[in-house]
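A.B. asks: Predicted model and sequence follow; I will ask about them next.
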Number of protein chains: 2
Amino acid sequence: MSRGAAGPEIERLIQLLARLPGLGPRSARRAALHLVKKREQLLGPLSDAMHAAHERIVTCDDCGNIDTANPCGICRDARRDPSIIVVVADVADLWALERSAAIDARYHVLGGVLSALDGIRPENLSIDRLIERVSQGDVKELILALNATVDGQTTAHYLTDRLAHLPVKVTRLAHGVPVGGELDYLDDGTLAAAIRQRTGF
Amino acid sequence: MSRGAAGPEIERLIQLLARLPGLGPRSARRAALHLVKKREQLLGPLSDAMHAAHERIVTCDDCGNIDTANPCGICRDARRDPSIIVVVADVADLWALERSAAIDARYHVLGGVLSALDGIRPENLSIDRLIERVSQGDVKELILALNATVDGQTTAHYLTDRLAHLPVKVTRLAHGVPVGGELDYLDDGTLAAAIRQRTGF
């Protein structure tokens, strides 16, 4: 707003909300107005929740997960198989795999993927720590759960090379038709992979 | 997330963020992750900004605007013309008009429009307070800046009836071609109005 229609507090709130992914300047303004209209039901609780998160959340030194404890809940969970580490680029990928409940293993968050374009080099990722964890024994399999993009696959190949001298099995996610996916809309590469890696009933 | 991948603090943050307009469960998760990754640059400042807004923001008893003072900055601004009140449905509309800097008048926020479908009746809107403000003298013109929708226009007609006995001129926004708008994409009603209300050069 020009001419101070709502004061600096709301202006500041709008500016900060606009920095969230998925919110532009216009939707940040709508969100801010919604918040100040629902002061008691939403603004107060959200303010408290952010304060609590800011106070308590730390990054796990072992795996790079985000949690309120260090080591994180997953690293401390004795029921999980310590012999398998699922390597992901980002905490969002870890969350997605946890939601799917596909595997009861440990994780390792690289903090990104190699990218010549964005200037992300091996030393910018948590690769040394991964090799350290693998060298410490116990780990029998590394599942590289990286995006099926050029950068993701480059990173997977780089990791495979770096891990070649270690006695650990390196695997990657299967390619194929997404569940619920329609063949007609799939790209040729996915279809070819799905045929090649076909399974019996 | 299932299985507590990131603890209750983040879960709570995601749930509250998902209640903002423009954010669904998926984008709320992305926003929460972005916040906890940028703890110092974003989460902390946003938490503080929300706290400040929650502490200080009030609704103006005169016009219904949202501000840190009551009466609000606009109602207290002596440079504004007190003889014109722009009637809007929502604070968002007030903000939009202030951004356009189209007029230096006072405002009155109704808090919605009449709607049979949503069960919004005259007593749910700030209409009595508007008539009170008009009755107190000074006001010479009311500009009904309501949406050009059925509910907006119903509300405008209702207000015109209620104000008929008062010595105040009631006007409404012009219909016409939006600046930068292409005739080809406009509806017939707008085109007809633009022709009817054509102006000289």
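C.D. replies: Ah, there it is. Numbering: from 1, shown residues only, chains lettered A, B, ... in the order given.
A.B. asks: doesn't A:Thr154 fall inside a strand?
C.D. replies: No - per DSSP: H, G, I helix; E, B strand; the rest coil, A:Thr154 lies outside any strand segment and is helix.
A.B. asks: Could you give the number of residues near it?
C.D. replies: By other Cβ atoms under 10 Å in any protein chain shown, the residues close to A:Thr154 number 15. The way it works is simple: take the backbone N, C-alpha and C, and place the C-beta from them, glycine included.
A.B. asks: Helices of chain A, start to end?
C.D. replies: Remark: helices assigned in chain A by DSSP state H are A:7-17, A:25-37, A:44-56, A:73-76, A:91-100, A:127-135, A:150-163, A:188-196.
A.B. asks: Buried ones in the last one, by neighbour count?
C.D. replies: Looking back up the chat, that one is helix A:188-196. Neighbour-count burial for helix A:188-196 flags A:Thr190, A:Ala193, A:Ala194 (criterion: 16 or more other Cβ atoms under 10 Å in any protein chain shown).
A.B. asks: Quick check: the gap between A:Ala49 and A:His34.
C.D. replies: Distance of A:Ala49 to A:His34, given as Cβ to Cβ, to the nearest Å: 16 Å.
A.B. asks: Tell me which of those two has more neighbours.
C.D. replies: Using other Cβ under 10 Å as the criterion, A:Ala49 and A:His34 rank with A:Ala49 on top: 23 against 16.
A.B. asks: and the closest residue to A:Val177 other than its chain neighbours, what does it touch?
C.D. replies: Among residues not flanking A:Val177 along the chain, A:Ala194 sits closest, at 4.9 Å (Cβ to Cβ, 6 or more residues apart in numbering or on different chains). Neighbour list for A:Ala194: A:His175, A:Gly176, A:Val177, A:Leu186 [criterion: Cβ atoms under 8 Å, 6 or more residues apart in numbering or on different chains].
A.B. asks: cool, A:Leu144 as well?
C.D. replies: Counting by Cβ under 8 Å, 6+ apart, A:Leu144 makes contact with A:Val87, A:Ala156, A:Leu159, A:Thr160, A:Val170, A:Thr171, A:Arg172, A:Leu173.
A.B. asks: Pipe the buried residues of helix A:188-196 into JSON lines and attach distance to B:Cys72 and pLDDT per row.
C.D. replies: JSON lines is the format used below for these (distance: Cβ to Cβ, whole Å; pLDDT from 0 to 100):
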{"residue": "A:Thr190", "distance to B:Cys72": "57", "pLDDT": "85"}
{"residue": "A:Ala193", "distance to B:Cys72": "62", "pLDDT": "84"}
{"residue": "A:Ala194", "distance to B:Cys72": "62", "pLDDT": "84"}
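A.B. asks: In the record's domain split, what are the boundaries for chain A?
C.D. replies: Domain assignment for chain A, taken from automatic domain parsing, gives A:8-56, A:79-172.
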